[in-house]
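Trainee: fold the following.
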Amino acid sequence: MRSDVTFDAEGTSLRGWLYLPEQAPPFPLVVMAHGWAGVKEQSLDLFAEAFADAGLATLVYDQRNFGASDGLPRQEIDPWAQVRDYRHAITFAQTLPQVNPQRLGIWGSSYSGGHVLVVGAIDKRVTCVVAQVPTISGWRNSLRRYPGDTWTAMRKRFETDRHTRFSGKAPTMVPVFDELSPADIGTLSSSTTEIVQPIGNDGGIWLRYMSKERSATWRNEITLRSLEMYAEYEPGSYIERIGPTPLLVIMADADTVTLTDEILAAYGRACEPKQLCLVPGGHYDIYGRQRLTANAAAREWFLQHLQVAQ
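Mentor: From the prediction side, this is the model:
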């Protein structure tokens, strides 16, 4: 069912997996990529397998600068480059002989959940969108995470990093999760905790429950400039433009990473057809104990709107 694929994104090779159902082609296809600093091995195969079992071909790839994909500087998260790469992935999918090029869905989670709001608004080749715990406003999220003088200090760090880069030195790096060492990954994992363990909003705990094999290519660092670009990114401003493309928003009721109130407000601005799936828990529960619920909701939305015979 799964094969390795590589496709070109304006000179950068992006690598991932193509899942094909066992039924006869052509298939509808879902394009998906991970969120903030994630790699495809960190649970995306579990989502993709469920889609493929339901008759949906699925293209999963690592974001540029991460995992198996090329791109420099490594570990830098450029939201607009990632938005463009979703569109390159759609173009690649349309060249595949097994795929119906008129029935294409996109799925994103967390940071890439914001990306699919943008892509669904501006690229009308997309016929169905699923945004899972999406980023809505990088600016407002940044102000909450770095209140008061903390944000002023962050801006000074951004300025220093710009001068560092201008002088030809390596970019400043910061951890994704503080106080998490490589030895911590997989320390709490078992055959069942990856699915059912309640983990709340603590990403460090999520990594401790994830097996070492799943995080083998993941690194606990990003460039400091990734945080600066995050604060400049407003994917929620595109949500009114998605309709009439069908939109499903999956969110957690106690999310302090991609904030629950921000997602609810943005969803209220979206045009029909739309649907909201609200699950209990925090941001990382969507990959853990709420994964099966979230996956089933996304699968049914794609089946309904990509017109898969059941």
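Trainee: where along this protein do the helices fall?
Mentor: Ranges of helices in the chain, per DSSP state H, are 44-53, 79-95, 111-122, 138-145, 149-166, 193-196, 203-209, 224-231, 260-269, 291-305.
Trainee: so which bits of the second one are buried?
Mentor: By neighbour count, and taking 16 or more other Cβ atoms under 10 Å as the criterion, the buried residues in helix 79-95 are 79, 81-90, 92-93. Where C-beta positions appear, they are placed from N, C-alpha and C, glycine not excepted.
Trainee: what angle do helix 111-122 and it make with each other?
Mentor: 70 degrees (axes from the mean of the first three to the mean of the last three Cα atoms, to 10 degrees).
Trainee: now the closest residue to R15 other than its chain neighbours: how far from R214?
Mentor: Excluding its sequence neighbours, the residue lying closest to R15 (Cβ to Cβ, 6 or more residues apart in numbering) is A68, at 4.1 Å. For A68, the distance to R214 (Cβ to Cβ, to the nearest Å) stands at 14 Å.
Trainee: who has more neighbours out of those two?
Mentor: Ranked by neighbour count (other Cβ atoms under 10 Å), A68 and R214 place R214 first, with 21 against 17.
Trainee: that one against S43, yeah?
Mentor: Yes. Here R214 lies in contact with S43, judged by Cβ atoms under 8 Å, at a distance of 7.3 Å.
Trainee: circling back to that earlier point, just list the residues touching the residue nearest to R15, thanks.
Mentor: For A68, the contacting residues are 15-16, 39-40, 62, 217, by Cβ atoms under 8 Å, 6 or more residues apart in numbering.
Trainee: which pair in those residues spans the largest distance?
Mentor: Greatest spatial distance in the contacts of A68: G16 and T217, 12.3 Å, computed using Cβ to Cβ.
Trainee: who has more neighbours, those two?
Mentor: Using other Cβ under 10 Å as the criterion, G16 and T217 rank with G16 on top: 27 against 13.
Trainee: how much space between the more buried one and L96?
Mentor: The gap separating G16 from L96 is 13 Å, by Cβ to Cβ.
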